[in-house]
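> okay, here's the prediction I keep looking at, along with the sequence it came from:
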Amino acid sequence: MADSYAETAYSNGYEFTQGSGYQLPAYAFKEPPEIAAGEPSHHEIVIVGGGITGLTLACALAQYGISAVLLDEDNTVGVKGASSRGICYTQKSLEIFERLGVFDRIAAKGIQWSVGRTFAGQDEVYSFDLRQQSAFNLSSQPAFINIQQFYIEGYLVERIYQLGNVELRWQNRVTAFEQDNECATLTVSTPAGDYRLRADHVIDATGCHSPFRQWIGASVTAKKGDDRWCIADVRFSTHPPVERHTWIEAPFNENRAVWQHLMGDNVWRIDYQMAPDSDPSEVSREEVVRERLTRQFGPDTEVEIVWVGPYAYRSECVDRMRHGRVFLMGDSAKVVSPFGARGGNTGIADADNLAWKLAAVMKGRAAPTLLDSYHEERHEAAQQNVKVTNRTARFLRPSSRAEKMFRQATLGLARQHPFARQLVNTGRMAVANPYTHSSACEATGGLSVQNVEFQWPDGSPGRVNDLLRWADGRLLVLVFGSASEAALRRMAALTGTAPVLAVQVLDAEDRPSAREFVRDPKGHLQGACHVFGHAWALLRPDAYVAATGESVDATLVHAVGKALGTVLEEESA
Ligand SMILES: Cc1cc2nc3c(=O)[nH]c(=O)nc-3n(C[C@H](O)[C@H](O)[C@H](O)COP(=O)(O)OP(=O)(O)OC[C@H]3O[C@@H](n4cnc5c(N)ncnc54)[C@H](O)[C@@H]3O)c2cc1C
């Protein structure tokens, strides 16, 4: 199996699912050079963990042209024994993947969906259609795509091999860690023996069992419930509608909750809530799973079971996401229940957030203090996601008398009154979290910008991601509308001294006065940047605005300095 990767690594057509069960690719182990050399090597960035978070970071760094080493204890994608986990990927994640060059493959393999329906017994108590929420329609990426997580991981692996810069080391398990003023030192165990690596920056993307938490003494706020679930990934002879259906009280599951989603390869994820005292090995036995499926779909539906996995979840958040040289991200930083697809999606956002900052610091474009804003921004997001998912978990498995009464009252009202439907909580889907406490953003910034369309000067269509690729990791000042002579002088001074590019954004008719300009005839770019009229927006490489303002003056210079972790003097701009 180890060699099969060599044949498929750069081909675009391979499948991980063949017949029943998931056949994951196996990546070859290569003896690390440190073993023969007998001494540690030194790297600026070492990423530990090649799950969706670590691979997204590795791919983003590779794209920025930054070297790094990624160590993973396994030789494949998907986590050992839990190959099918994440399925729903949000627009923000899809936009990130478009920037990284893997979106087209995700779109080709995955399933787009926009309609969600929630039932209690036979009654539909809540529904939504994301196509009717116009904000979603402006991006070139859809609101959601459902796809097995390991596919995305596999596409990222191949893209990293294609881009170069980042070395992927499979079957390299980190077994010890220490850090001091000089560097961090990692001890790594491999099939060819142990070795040591030194690093300036270490990224802990080892997931929810992170050994780093103990090594660095991270404090964690945690909560464990008794909710139990069992996944059945199946193919059917008949097809339910391609919608997200959730039952809060499913008559065919002893009035417990059920989730039903379509993923890639025509595989349906059916996720059943179990009794709190259920035995995982019993509920995942094939006959028991088949009996459950028959109760739901009837005896005449032929079902092929692709994969079964019982699980419980907990909620955890580290109190700091940076400890000296170590940055925690993804599940190593916080663990949430799966409701709302907030686990993987926020790991992807963690990675996208740190990648451009590390790249800017490595390239000497930003001060090292910029890296502190990673904790400020992503910890705020982590806490928000923990809060939102905990609320859903309490609705789905109420424990106190008050929670049970609230749920009963909500369902009773929702059956009859539309206003109560918003209270039915089967998962608030992941969003691009705003940053309100960041030292790198002004109070006017901290909001995500969608991948909307504009026009290049020759009239051809462009997207926000094209602008970001053009900026190649630099900040972008977008100046909307005409600019005075003084404003143009300031923009020129700023771009001459700071790693910033400036672009004038005009409507269909206006004459450009700046060297670089694009047109925004429908106002989508301006709307996406959260500004109106004559204004500017400072756009970061992760498609967040760091700040917005009205006139091109000292406030812009100040905002650029902040976004680079430094102070820019107005004279130097
Ligand atoms: C049932 C279920 C459904 C879910 N649905 C969704 C969903 O729809 N959408 C979504 O966004 N999220 C979903 N999630 C959450 C999502 O799966 C996780 O948040 C995500 O996998 C976290 O990714 P990660 O890369 O941070 O960690 P992991 O995926 O856990 O990856 C960690 C990696 O680190 C490696 N590693 C660990 N220790 C070491 C070591 N010492 N040395 C070297 N390597 C090491 C492992 O081999 C692994 O590759 C779901 C989770 C579950 C359980």
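Nice, thanks for sending it over.
> burial count for residue 277?
Residues near residue 277, counting by other CB atoms under 10 Å, number 7. Just so you know, the C-beta spots here come from the backbone N, C-alpha and C atoms, and that holds for glycine as well.
> is it in a helix, a strand, or coil?
Residue 277 falls in the coil class when you classify it by DSSP: H, G, I helix; E, B strand; the rest coil.
> tell me the contacts of it?
Counting by CB atoms under 8 Å, 6 or more residues apart in numbering, residue 277 touches residue 226.
> ok, whichever residue of the stretch 451-573 of the chain sits closest to the ligand - how many residues close by?
Nearest residue of the stretch 451-573 of the chain to the ligand, counting by CB to the nearest ligand atom: residue 542, 17.5 Å away. Neighbourhood size, residue 542 [other CB under 10 Å]: 24.
> give me every residue that touches it.
By CB under 8 Å, 6+ apart, the neighbours of residue 542 are 96, 352, 353, 355, 356.
> next one, pLDDT for residue 497 please.
With respect to pLDDT, residue 497 has a value of 87.
> circling back: of the contacts of residue 542, just say which sits nearest to the ligand.
Nearest to the ligand, judged by CB to the nearest ligand atom, of these is residue 96 at 12.2 Å.
> so what does the closest one look like in phi/psi?
Residue 96 adopts backbone torsions of phi -60, psi -40, taken as degrees, to the nearest 10.
> and stretch 363-376, how far from the chain's centre?
On the basis of CA atoms, centre = their mean, to the nearest Å, stretch 363-376 sits 20 Å off its chain's mean C-alpha point.
> for it, buried residues please.
For stretch 363-376, the neighbour count (16 or more other CB atoms under 10 Å) marks 365, 366, 370, 371, 372, 373, 374, 375, 376 as buried.
> same check on stretch 412-431?
413, 414, 420, 421, 423, 424, 425, 426, 427, 429, 430, 431.
> wait, does that stretch contact the ligand?
No: if you take CB under 6 Å from any ligand atom as the test, stretch 412-431 misses the ligand, and the best it gets is 6.5 Å.
> report the distance from that stretch to the chain centre.
Using CA atoms, centre = their mean, the mean C-alpha position of stretch 412-431 is found 25 Å from that of the whole chain.
> and the nearest residue to residue 224 once chain neighbours are set aside, helix, strand or coil?
Sequence neighbours aside, residue 314 is the residue nearest to residue 224 in space, at 4.3 Å (criterion: CB to CB, 6 or more residues apart in numbering). Three-state call for residue 314 (three-state DSSP): strand.
> can you pull the contacts of the residue most central in space within the chain?
With distances taken as CA atoms, centre = their mean, the residue of the chain nearest its centroid is residue 348 (2.5 Å). Going by CB under 8 Å, 6+ apart, residue 348 touches 52, 53, 56, 89, 92, 93, 96, 97.
> return the closest of the buried residues of stretch 412-431 with respect to the ligand.
Nearest to the ligand, judged by CB to the nearest ligand atom, of those is residue 430 at 6.5 Å.
> how about that closest one, what does it touch?
For residue 430, the contact set (CB under 8 Å, 6+ apart) comprises 88, 90, 92, 93, 340, 341, 342, 345, 346, 385.
> who are the packing partners of the helix or strand the last one falls within?
Under the criterion of DSSP states H and E, residue 385 resides in helix 372-396. Judged by 3 or more CB pairs under 8 Å, 6 or more residues apart in numbering; DSSP states H and E, helix 372-396 is in contact with strand 220-236, strand 303-318, strand 322-323, strand 334-335, helix 342-362, helix 401-416.
> okay if I get the ones you listed as JSON lines plus mean pLDDT and distance to residue 507?
Below are the helices and strands packed on helix 372-396 laid out as JSON lines (pLDDT from 0 to 100; distance: least, CB to CB, whole Å):
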{"stretch": "strand 220-236", "mean pLDDT": "88", "distance to residue 507": "49"}
{"stretch": "strand 303-318", "mean pLDDT": "88", "distance to residue 507": "45"}
{"stretch": "strand 322-323", "mean pLDDT": "98", "distance to residue 507": "43"}
{"stretch": "strand 334-335", "mean pLDDT": "93", "distance to residue 507": "43"}
{"stretch": "helix 342-362", "mean pLDDT": "97", "distance to residue 507": "30"}
{"stretch": "helix 401-416", "mean pLDDT": "87", "distance to residue 507": "45"}
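> out of the ones you listed, which gets nearest to residue 169?
The minimum distance between residue 169 and the helices and strands packed on helix 372-396 falls on helix 342-362, with 18.2 Å, by CB to CB.
> flag every buried residue along that closest one.
By neighbour count on 16+ other CB under 10 Å, the buried set for helix 342-362 is 342-362.
> any weak-confidence spans in the chain?
Along the chain, segments meeting pLDDT under 70 span 1-21, 79-84, 133-135, 570-573.
> tell me the residues of it that contact the ligand?
Those residues of the chain that sit near the ligand, judged by CB under 6 Å from any ligand atom, are 48-54, 71-74, 79, 85-88, 149, 173-174, 205-207, 211, 231, 311, 330-331, 338, 341, 343-345, 347.
> try it again at 5 Å.
Within reach of the ligand by CB under 5 Å from any ligand atom, the chain has these residues: 49-53, 71-74, 79, 85-88, 173-174, 206-207, 330-331, 338, 341, 343-345, 347.
> so which of those belong to strands?
The strands, defined by DSSP state E, take in 71, 72, 88, 173, 174 from those.
> for the second one, what are its contacts?
With contacts defined as CB under 8 Å, 6+ apart, the neighbours of residue 72 are 48, 49, 50, 54, 168, 169, 170, 171, 172.
> the first one contacts residue 175, correct?
So that's residue 48. No: assessed by CB atoms under 8 Å, residue 48 is found out of contact with residue 175, at 10.8 Å.
> and the two most separated of the contacts of residue 72?
For these, the maximum inter-member distance is 15.0 Å, found between 54 and 171 (CB to CB).
> which one of those two has more residues nearby?
Between residue 54 and residue 171, counted using other CB under 10 Å, the more crowded position is residue 54 (28 against 19).
> from the contacts of residue 72, pick the one nearest the ligand.
For those, the minimum distance to the ligand (CB to the nearest ligand atom) is 3.0 Å, reached by residue 49.
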